[in-house]
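In: here's my sequence, what's the structure:
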Amino acid sequence: MAQVEILGQASVRQVRFSPDVERASHQQPSDANLLDNQASSWFPFEPFAWLPLPVKALIPRTWQKIQDKTHFILVFGAIACTLLVVRMLVALINSGCVDLNCVEEVLTILFIVPCTTYNIRIIGQYDDRLVSKQQDIKEQKASLTRSYNDLLSDMDGLLSKSAESSAGLAERSFESKRRDFQRFLERVKGKHSSLYSGAQGDSDKLLKQFRRFCVNWLRVFEECSIDPLECPKRVIKEEELNRCTSILDIADLCLERLRVTEVRFISIQRDQDAQMLRKNRNEIKRLSRALPGVGGAGRPVPEVPGRRTSTQGRGSWLHLGFGHGFGVHSGGTGEEPYPKEIDFFCGQLILLSSEHLMLILGFLVGWALFAIQFWDFVDGGAGTRLASVLSLVELLIAELCLVTMLLKFEEIDIVQQLEREVKELAKQNERVEKQRERMHGFWNNVQQLTELWLYRTVPRLDLFKEIHSLLEDTTEDLLMKISSANQHLEDLENRLGDLTAWRNNGTVSIEAKKGFGKAVNQICQEQELDECLVKLEDLTSGGMEALTNSNAK
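Out: Okay, here's the model as predicted:
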């Protein structure tokens, strides 16, 4: 497919940021570059040097010394555009904009003013320190990128450690014990009518003890939280259970709540953090992607078949040639809307940014305004021809300025593009730093609670599972045995001490924690409820001295 590239001429003042561009700079210069080199002897020069010092002080420093031909065209284009806008404003004020006679003036203001504003911003980057400024911004970007990657590496390491932590094992145990208690409640529902066939008073006592047993289990389950002290995992309030009038009602209420209460706060947070890290890595790839031929500006440009590479010259945004078809395609990634490829059968236009689109529209509207002014010049009287000639000259200079900016858009936009990327990277760094602090807070808290969960919460949930399994097999003296079980479990609860003492580095020593967990696990090995309760009583009355002494510190 034959293609003719236009608007892709290389510039000798292009900043060399990448090895490819450095190598390209040592190649044989083109004829256009030779002409630029011959003309460079005229620059820099000071067009306003003849003005008095007080007047020169009012002119921006980047306007006083012209660095090259591009700078020259931009400065005088900005002056011409400003004069044109001022004259149009005066015309609007004088005419009063009656009967739609001010379409030309309004179009001029709407489309020339944004282009002029952008032009003035571009001129602001031209000074003696242009190269050093670009290098400084590039170094800032590199520093921010390294900082960003360091933050992501730290977060990735934190996430890897969390996957190896025992907290995940504790969470799986919580979820397993929740399902065990649900099955116990479902079996109670299936045979609740035959649980006790004695007098009504004894049935009420059994209801009270069953409610008490559920309250005790729920109290232990509250510790299955990332913040068991301030925000326990409270499934049901005790007042709600007190309103239940039968064992069936209690079982139904507990089942209803437990079915929608999964204990997955660690795995959910790990998945969210992993997804966040993937998103952040994609973002840093987008921000670090270099613009071909500019080597440092991060605007992505789509690959076009037959297009010159950065070593052959600056990439063009307009290609002529048949076979493109029709359509609009986005070459951006994520939230980045640009570049956009517009195919129009005999060519392809690549919009690099919103500023690029604005300049193209301004260029087209400028020629429409030129046609209107030319018609006024031909059709108007002698009194209006001078104003028309001035407008035509100003429009020609403005169009020359727009053509220059479009021809060298990828080059003259580099500093502003780098500055935008630095600002965006700084914002991303700040956001990622907050995410890292939140991750550290969450996973450090998880680490602090690991010993509490492993040696205090999980063993007691195991004990409850063993006791309610043995209660299901009880055929005689159910009321007495469940009452005794509740009392022993509550005595154990009262001897455990405050939750904060069980955190990592709390007042309870790691040896005492492990000793308690081991003792409870041994009780769970008993096959008879009576033996289980006897050993539980022994533990409560004489086997918890280490915990008691630690809590007293």
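
In: which of the residues in the one helix or strand Ile122 maps to are buried?
Out: According to DSSP states H and E, Ile122 maps onto helix 103-123. Buried positions in helix 103-123, judged by neighbour count with 16 or more other CB atoms under 10 Å: 104-105, 107-109, 111-113, 115-116, 118-120, 122-123. Using the backbone N, CA and C atoms, a C-beta is placed for each residue, glycine as well.

In: tell me the one of those nearest Ala371?
Out: Nearest to Ala371 among the buried residues of helix 103-123: Glu104, at 10.5 Å, using CB to CB.

In: let me know the pLDDT of that closest one.
Out: Listed pLDDT for Glu104 reads 71.

In: contacts only, for the closest residue to Ser166 other than its chain neighbours.
Out: Among residues not flanking Ser166 along the chain, Thr450 sits closest, at 5.3 Å (CB to CB, 6 or more residues apart in numbering). By CB atoms under 8 Å, 6 or more residues apart in numbering, the residues touching Thr450 are Ser165, Ser166, Ala167, Ala170, Asn504.

In: pull the most distant pair out of those.
Out: Maximum pairwise distance among the contacts of Thr450 (CB to CB): 12.9 Å, between Ala170 and Asn504.

In: pick out whichever of those two has more residues nearby.
Out: Comparing Ala170 with Asn504 by other CB atoms under 10 Å, the one with more neighbours is Ala170, at 23 against 13.

In: and the more buried one, how far from Glu104?
Out: Applying CB to CB, to the nearest Å, the value for Ala170 to Glu104 is 76 Å.

In: do the same with Lys427
Out: 42 Å.

In: and what of Leu229?
Out: Taken as CB to CB, the span from Leu229 to Glu104 is 73 Å.

In: re earlier: and the contacts of Thr450, which is closest to Arg436?
Out: Ser165 (17.8 Å).

In: so the closest one sits against Leu449, correct?
Out: No. Ser165 lies out of contact with Leu449 (CB atoms under 8 Å); the separation is 10.6 Å.

In: which one's more surrounded, the two?
Out: Leu449 (24 against 17).

In: thought that one was touching Ile226?
Out: Yes. Between Leu449 and Ile226 there is a contact under CB under 8 Å: 7.3 Å.

In: so what sits against both of those two?
Out: Joint contacts of Leu449 and Ile226 (CB under 8 Å, 6+ apart) do not exist.

In: pull the CA atoms of the helix holding Ile122 into PDB?
Out: This file holds the C-alpha atoms of helix 103-123, laid out as PDB (Å, rounded to 0.1, in the frame of the first residue of the first chain):
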ATOM      1  CA  VAL A 103     -20.900  35.600  13.100                       C
ATOM      2  CA  GLU A 104     -17.400  36.200  11.800                       C
ATOM      3  CA  GLU A 105     -16.300  38.000  15.000                       C
ATOM      4  CA  VAL A 106     -17.800  35.300  17.200                       C
ATOM      5  CA  LEU A 107     -16.100  32.500  15.200                       C
ATOM      6  CA  THR A 108     -12.800  34.300  15.400                       C
ATOM      7  CA  ILE A 109     -13.000  34.700  19.200                       C
ATOM      8  CA  LEU A 110     -14.200  31.200  19.800                       C
ATOM      9  CA  PHE A 111     -11.500  29.400  17.700                       C
ATOM     10  CA  ILE A 112      -8.600  31.800  17.700                       C
ATOM     11  CA  VAL A 113      -8.500  32.600  21.400                       C
ATOM     12  CA  PRO A 114      -7.900  28.900  22.500                       C
ATOM     13  CA  CYS A 115      -5.200  28.500  19.900                       C
ATOM     14  CA  THR A 116      -3.600  31.700  20.900                       C
ATOM     15  CA  THR A 117      -3.600  30.700  24.600                       C
ATOM     16  CA  TYR A 118      -1.900  27.400  23.700                       C
ATOM     17  CA  ASN A 119       0.600  29.300  21.500                       C
ATOM     18  CA  ILE A 120       1.500  31.600  24.400                       C
ATOM     19  CA  ARG A 121       2.000  28.600  26.700                       C
ATOM     20  CA  ILE A 122       4.300  27.000  24.100                       C
ATOM     21  CA  ILE A 123       6.300  30.200  23.800                       C
END
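
In: need the residues that contact that helix.
Out: By CB under 8 Å, 6+ apart, the residues outside helix 103-123 that reach it are 60, 62-63, 71, 74-75, 77-78, 81-82, 84-85, 88-89, 91-92, 95, 97, 355, 358-359, 361-362, 365-366, 368-369, 372-373, 398, 401-402, 405, 412-413, 416.

In: which helices and strands does the helix or strand just after it pack with?
Out: Counting by DSSP H and E, the element after helix 103-123 in chain order, helix or strand, is helix 130-164. Judged by 3 or more CB pairs under 8 Å, 6 or more residues apart in numbering; DSSP states H and E, the packing partners of helix 130-164 are helix 265-288, helix 414-452.

In: what angle do helix 414-452 and the helix or strand following helix 130-164 make with each other?
Out: Counting by DSSP H and E, the next helix or strand C-terminal to helix 130-164 is helix 167-190. Inter-element angle recorded for helix 167-190 and helix 414-452: 60 degrees (by axes from the mean of the first three to the mean of the last three CA atoms, to 10 degrees).

In: and helix 167-190, how far out from the chain middle?
Out: Its chain's C-alpha centre and that of helix 167-190 lie 37 Å apart, by CA atoms, centre = their mean, to the nearest Å.
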